[in-house]
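Colleague: Predicted model and sequence follow; I will ask about them next.
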Amino acid sequence: MTTYVYNDGGRSKAGYKGEAGDCAARAMAIALDLPYREVYTELARANKEFGFARSARNGIFREVFETVLERHGWYWHKAPQFEGRRAKASDMPEGVVIARMAGHYCAVIDGMIHDNWDCSRKMVYGYWAPTNKGD
């Protein structure tokens, strides 16, 4: 079963080249259906407001990312619990969510990872969704 679709969130279309640790920008651009450059700029500004580098290229701390997502009306939810195993992206609720994994964020649409690499083996700690229901 396919659990992954290649999607760079519009990064290459926006003119960005090479590798980067920009998973927050990619995930947010995909999940919120926003232009990558707009998301990257918003995250970079927020990162600077928190006292970090004015960049979204090398990662965004959770508190920064969560603050930005809350501004867009997205809410944090704990990952579902399972007996004998950890939650994966395929366990996320239907619809569009952003999963938080160890050192990574990715967009998940109806259980399918949308990212520039297959992170389906990573454990999911929780997710952001555009609704506060079900938690």
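Modeller: Everything's here; your move. Quick caveat: nothing in here was measured; it's all calculated off a predicted structure.
Colleague: tell me which residues of stretch 120-127 are tucked away?
Modeller: 120, 122, 124, 126, 127 (16 or more other Cβ atoms under 10 Å). Where C-beta positions appear, they are placed from N, C-alpha and C, glycine not excepted.
Colleague: Residues contacting that stretch, please?
Modeller: 3-4, 76-79, 86-93, 97-102, 104, 108, 113 (Cβ atoms under 8 Å, 6 or more residues apart in numbering).
Colleague: in this structure, which segments are predicted with low confidence?
Modeller: 1-2, 133-135 (pLDDT under 70).
Colleague: again, only using 80
Modeller: 1-2, 132-135 (pLDDT under 80).
Colleague: Put together a markdown table for the buried residues of stretch 120-127, with secondary structure and distance to residue 11 on each row.
Modeller: Converted to a markdown table, those look like this (DSSP: H, G, I helix; E, B strand; the rest coil; distance: Cβ to Cβ, whole Å):
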| residue | secondary structure | distance to residue 11 |
| --- | --- | --- |
| 120 | coil | 20 |
| 122 | coil | 20 |
| 124 | strand | 23 |
| 126 | strand | 25 |
| 127 | strand | 22 |
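Colleague: Of those, which is the nearest to residue 71?
Modeller: residue 127 (17.4 Å; Cβ to Cβ).
Colleague: partner strands of the host helix or strand of residue 128, parallel or antiparallel?
Modeller: Using DSSP states H and E, residue 128 sits within strand 124-129. Paired neighbours of strand 124-129 in the sheet (DSSP bridges): strand 75-78 (antiparallel), strand 96-101 (antiparallel).
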